[in-house]
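Chemist: Please work out how this folds:
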Amino acid sequence: MSAPDPTYRYEPISVSDESTVVAEFVPEETPATGYQSEAEMEAAFVAQLQGQAYEYLPIRGEADLIANLRAQLEALNRVEFSEAEWKQMFDKISGANEGIVEKTARIQTDHVQVLKRDDGTSKNIYLLDKTNIHNNRLQVINQYEVPGVRANRYDVTVLVNGLPMVHIELKRRGVDIREAFNQINRYQRDSFWAGSGLFEYVQLFVISNGTLTKYYSNTTRDSHLAEQAGGKRGRRKTSNSFEFTSWWADANNRAITDLVGFTKTFFAKHTLLNILTKYCVFDVDQKLLVMRPYQIVAAERILLRILTSTNAKQLGTAAAGGYVWHTTGSGKTLTSFKAAQLASKMEGVDKVLFVVDRKDLDYQTQREYDRFEKGAVDGTNNTAHLARRLEDPGSRIIVTTIQKLARFIGHSRGHEIFNGHVVVIFDECHRSQFGDMHEAVEKAFKRYHLFGFTGTPIFAENAGTAGSPRLRTTEQAFGERLHTYTIVDAINDKNVLPFRIDYVNTVKLPDHLPTAQVAAIDTEKALLSPERMGNVVTYALDHFDQKTKRNSTYVLKDKRVSGFNSMFAAASIDAAKRYYTLFEMEQRKREELDPAYQRLKIGIIYSYAANEAEADGLLDEEGFDTGALDESSRDFLEDAIQDFNDMFGTSWDTSADGFQSYYKDLSGRLKNRELDMAIVVNMFLTGFDATTLNTLWVDKNLRAHGLIQAYSRTNRILNSVKTYGNIVSFRDLEDATNDALALFGNKDARGIVLLKPYAEYYAEYERIVTELKSLYPLGVDIVGESAKKEFIALFGGVLRLRNILTAFDDFTGNELLTEREFQDYRSIYLNLYAEFRQVDDAEKESINDDVVFEIELVKQVEVNVDYILLLIEQWREARGNGSGVEMEAVTNITRAIDSSPSLRNKSDLIMAFVDSVNVTGDTREDWRIFVEARRAEELEAIISEENLKPEETRAFVESAFRDGAVPTGGTAITRILPPVSRFSPGAGHAAKKQTVIEKLLTFFDRYFGLV
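Modeler: Have a look, this model is predicted:
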């Protein structure tokens, strides 16, 4: 594509202050088709930004950047700094010992700094004007040069009031945009911190190869690097990688991927400034969450409806509200939080009520809201508490249950809040529109707006019994649909995962019975027969490791864990009890047969439900009323909770408070992958999110809403290892699944939402493996850059397909590569990875710009230290038994080390240990003594080389190994450094600090987890 004429002025599609996301994007009818180099793409991009009223600055170094920052802040704040005042202000902004998190907090929550002026007065200095966003000035720079550990030149950066806040990394067309993602990772490692650290103010990153363009927040990148470094770096992290980058789109969810179209819309001044000032949330986990376009559209349409219906005097009618259909897993809580937060600040609005219809969701929603902003909302423990909150003018947003709100209405007739201007937002409104409670809310409040969020609306087709006044459609109950984002949209955008479904027949049919009559034998007696339920349990235990990928590993909250976990959906409380007992009995048998059997940690939870049968696809409500359970069910639950207590050292029970605590604890342990399986009836099948959960075992009739809700427990994005949600159905739900997907997606949803058949994946896998073995046989060197790139691409394809195929029963025994071959190919792959990472900067651009390594997928087949010690034991036994056997044992050790991403940098340690051990002895104890001695020796060398404070450094390292991470932020790292002035010219404080951090991270990664 030829570069656009730089004299041409690009006009943004929309300059409306009301709409951040363009209503409909129409791409250019005749896009350019000529070749476009990366330099030409960059020049065209900068010219387009200039045409959209960005000021271009030809600055290349920090001195000019700082001088411009001073000028911009003076202009924004209408002040002229003296030299002393500017030094004071710049010291605050540059922030000694601060990193990305601290600087992000300054932009998002502390953007007004207090300047003490020379005359003794104080003045507020704004870094951003969040009230009048067009007072902020946008500038663009490119090819900015930074020294750092290695010299870097950044592609394009957008300055807001002089601070770098958006960085854009470009690759030429045809190159995988993940290389731009990787390039930014290298900048963070090498140079973003350099000098005064101003580039750590970058809030958003944009990556593009011209054809595809995505954006993401700074903490997505920071979290990704922290995990690669092997620790949390002083802060709690969740798994973040390229999978968490986002597409920009129009209001119809049409992705705007081309760089020109992306720039016209995303970089429109009002859009970018709105995103930075309104649609980012810095949560209590110190993560910056940047909203996706469909979330922004929904929030703004709610705000617009509040404004227009108020002006039109439509308060208290359906026209004053509406509903948002955003599929399960698409981030409704963040959308509702932002809508509630912005609505609470609108002139004339007295209260915003966020209403849920179950006690567990009340707790969960409160916690989720608190995650976004601690104390931003007020939970309501009881009706009296709700009344106090409604009367408190300081309580702007209140989370409550619809049941509690209904009781308040019934006991508080004439309360002044009923005449107040109130915004009521219903979570999962497909449930809450039924019954008298919803009508009571409508009758009691006079000046209200009702808004509902749902992933599975009620339509005329699935509204249930005709003529029932309580079974209304969502539109009848809440008003017009304001925005739609279906499961098809979410899977296309890779915001949630597709499903893979196994239908497992566990009922033996008479030979003469036609297959079509399978559904006819679906009687309670047949389904609850001990033989059938025993078959289900046997299948689940036999296939558990396979379905939950227990042979794969990944990082979760700073720890490396194996595989995922699961839920088992039973048809009734009686069925759940039987399954819990059968799992316990079968696992006990397996332990008796094999003392090394690893027992699954299984929990169970249920409570009283008025009617366990599902009507019209709705999963019936389970509250926390254990007192309403029959005696045998409560006794059983009490015993099961005691099993949980014995497992985890807790003391919960079935009392009201004890059961609430059990629910919260079980929920948390599922999310942290401490529990392998939870047996449930209805509870947890809606409204519960755990990214580690990948498998749902189903022995329950599901349809419509309930089916989509239950399946969607499994399809939250976590990392590249988790590629789909796994459904194992012991009932014939195929028709119900297809009907539900058509209802809540579209007629073509099945082909998008469900994984392709095994045969299609296997055919592609077979083709790639055949090509790999033919072109790159083991034992033959790979010569030349082109061949190395081809091998990397082929083996990356093998890794991706194996990751999918391993969950198919048919793949076992048909892997085409033996375990040894797979191990050896992994070693070659990792050798090339190390080779490409070590080349100098000049070569890096030419070699790496079109190479992407699937290291996360290599790590999932990690070889651990226990396995290496087992091989060393075998070597010990082989010594003296013949050189061939002994050499084979040594070869097995080196092969295992070479194929392991985390053990390769420990190869010298392990082989030195092998050389040092005797034929007899305790291998594990010998290993512990050896590692501790070498660790102490290497730490003393670092202390000496970097002139660190010895006692402080030893204590710092001990704390790091105890906590599982090296804390790189705050003052802890500074206390171990030699005395160096932060501000003296040429002192190199930042470079020294970064060098020490890199050495300690390498040291930590080398020794952590070895003993």
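
Chemist: Low-confidence bits of the stretch 201-350 of the chain, can you list those?
Modeler: 220-241 (pLDDT under 70).

Chemist: now do 50
Modeler: 221-222, 224-240 (pLDDT under 50).

Chemist: which stretches of it form strands?
Modeler: Per DSSP state E, counting those that start in this stretch, the stretch 201-350 of the chain carries strands over the ranges 204-208, 213-217, 280-282, 288-290, 322-326.

Chemist: For the third one, give me every contacting residue.
Modeler: For strand 280-282, the surrounding residues in contact (C-beta atoms under 8 Å, 6 or more residues apart in numbering) are 104-105, 108-109, 203, 217, 288-291, 334, 337-338, 372-373. Placement of C-beta: from N, CA and C, glycine included.

Chemist: For PyMOL, what selects the buried ones among those residues?
Modeler: Command for PyMOL that selects the buried part of the contacts of strand 280-282, burial taken from 16 or more other C-beta atoms under 10 Å:
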select buried, resi 104+108+203+217+288+289+290+291+334+337+338+372+373
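
Chemist: For Ala941, state which of the contacts of strand 280-282 is nearest.
Modeler: Nearest to Ala941 among the contacts of strand 280-282 is Thr104, at 35.5 Å by C-beta to C-beta.

Chemist: Name the helix or strand for that closest one, please.
Modeler: helix 100-109 (DSSP states H and E).

Chemist: C-alpha coordinates for that helix, CSV please?
Modeler: What follows is helix 100-109, C-alpha atoms only, in CSV (Å, rounded to 0.1, in the frame of the first residue of the first chain):
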residue,chain,number,x,y,z
ILE,A,100,4.3,1.8,36.2
VAL,A,101,1.7,1.1,38.9
GLU,A,102,2.5,4.2,40.9
LYS,A,103,2.5,6.4,37.8
THR,A,104,-0.7,4.9,36.6
ALA,A,105,-2.3,5.6,40.0
ARG,A,106,-1.2,9.3,39.6
ILE,A,107,-3.0,9.6,36.2
GLN,A,108,-6.1,7.7,37.1
THR,A,109,-6.8,8.6,40.8
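
Chemist: Put together TSV for the strands of the stretch 201-350 of the chain, with distance to Asn124 on each row.
Modeler: Output for the strands of the stretch 201-350 of the chain, formatted as TSV (distance: least, C-beta to C-beta, whole Å):
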stretch	distance to Asn124
strand 204-208	25
strand 213-217	27
strand 280-282	20
strand 288-290	24
strand 322-326	37
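
Chemist: Just say which of those is most tucked in.
Modeler: strand 322-326 (a mean of 26; mean count of other C-beta atoms under 10 Å).

Chemist: For that strand, C-alpha coordinates in CSV please.
Modeler: Taking Å, rounded to 0.1, in the frame of the first residue of the first chain, the C-alpha atoms of strand 322-326 are listed here in CSV:
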residue,chain,number,x,y,z
GLY,A,322,-34.0,-0.2,28.6
TYR,A,323,-31.9,-3.3,28.6
VAL,A,324,-28.4,-4.3,27.5
TRP,A,325,-27.8,-7.8,26.0
HIS,A,326,-24.2,-8.6,26.5
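
Chemist: What sits closest to Met180 if chain neighbours are left out?
Modeler: Just so we're on the same page, residue 180 is Ala rather than Met. Ile207 (3.7 Å; C-beta to C-beta, 6 or more residues apart in numbering).

Chemist: Distance check, that neighbour against Arg254.
Modeler: Using C-beta to C-beta, to the nearest Å, Ile207 is found at 20 Å from Arg254.

Chemist: How about Glu937?
Modeler: Taken as C-beta to C-beta, the span from Glu937 to Arg254 is 60 Å.

Chemist: repeat for Arg703
Modeler: 31 Å.

Chemist: what does Phe453 give?
Modeler: In terms of C-beta to C-beta, Phe453 sits 22 Å off from Arg254.

Chemist: neighbour count winner among these two?
Modeler: Higher neighbour count among Phe453 and Arg254: Phe453, with 23 against 16, using other C-beta atoms under 10 Å.

Chemist: Wait, a helix at the more buried one?
Modeler: No: using DSSP: H, G, I helix; E, B strand; the rest coil, the secondary structure at Phe453 is strand, not a helix.

Chemist: wait, it sits on Thr474?
Modeler: No: counting by C-beta atoms under 8 Å, Phe453 does not reach Thr474; the two are 10.4 Å apart.

Chemist: what do these two both touch?
Modeler: 323, 429.

Chemist: Give the burial count for His134, as a bare number.
Modeler: 11.

Chemist: Could you double-check that it sits in contact with Leu273?
Modeler: Yes: contact criterion C-beta under 8 Å: His134 and Leu273 qualify, at 7.2 Å.

Chemist: Can you list phi and psi of Val783 for me?
Modeler: phi -110, psi 130 (degrees, to the nearest 10).

Chemist: Could you measure from it over to Val798?
Modeler: 21 Å.

Chemist: What of Val721?
Modeler: For Val721, the distance to Val798 equals 15 Å [C-beta to C-beta].

Chemist: So between the two, which is more surrounded?
Modeler: Taking other C-beta under 10 Å, Val721 and Val798 do not tie; Val798 has more neighbours (22 against 19).

Chemist: Tell me the helix or strand right after the one helix or strand the more buried one maps to.
Modeler: Using DSSP H and E, Val798 sits within helix 785-805. Counting by DSSP H and E, the next helix or strand C-terminal to helix 785-805 is helix 819-838.

Chemist: Give the other helices and strands that that next one contacts.
Modeler: helix 785-805, helix 841-848, helix 855-859, helix 883-898 (3 or more C-beta pairs under 8 Å, 6 or more residues apart in numbering; DSSP states H and E).

Chemist: mean pLDDT lowest for which of those helices?
Modeler: Here these differ in mean pLDDT, and the lowest is helix 841-848 at a mean of 40.

Chemist: Which positions within the helix holding Val798 qualify as buried?
Modeler: 788-792, 794-805.

Chemist: Report the central residue of the protein.
Modeler: Leu718 (5.3 Å; C-alpha atoms, centre = their mean).

Chemist: Tell me if I'm right that that residue and Thr692 touch.
Modeler: Yes: with contact defined as C-beta under 8 Å, Leu718 reaches Thr692; the gap is 6.6 Å.

Chemist: Can you pull the residues that touch both of these two?
Modeler: What both Leu718 and Thr692 touch, as defined by C-beta under 8 Å, 6+ apart, is an empty set.

Chemist: What residues sit buried inside stretch 451-460?
Modeler: 451-458.

Chemist: What is the most widely separated pair among the residues you listed?
Modeler: Phe451 and Thr456 (16.7 Å).

Chemist: And the host helix or strand of Asp665, what does it pack against?
Modeler: Using DSSP H and E, Asp665 falls within helix 656-671. On a contact count with 3+ C-beta pairs under 8 Å, 6+ apart, helix 656-671 meets helix 359-372, strand 602-605, helix 631-648.

Chemist: Render the CA-only coordinates of the shortest one in CSV, please.
Modeler: In this case it means strand 602-605. Taking Å, rounded to 0.1, in the frame of the first residue of the first chain, the C-alpha atoms of strand 602-605 are listed here in CSV:
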residue,chain,number,x,y,z
ILE,A,602,-13.9,-32.5,45.6
GLY,A,603,-16.4,-30.2,47.2
ILE,A,604,-20.2,-30.0,47.1
ILE,A,605,-22.6,-27.2,47.6
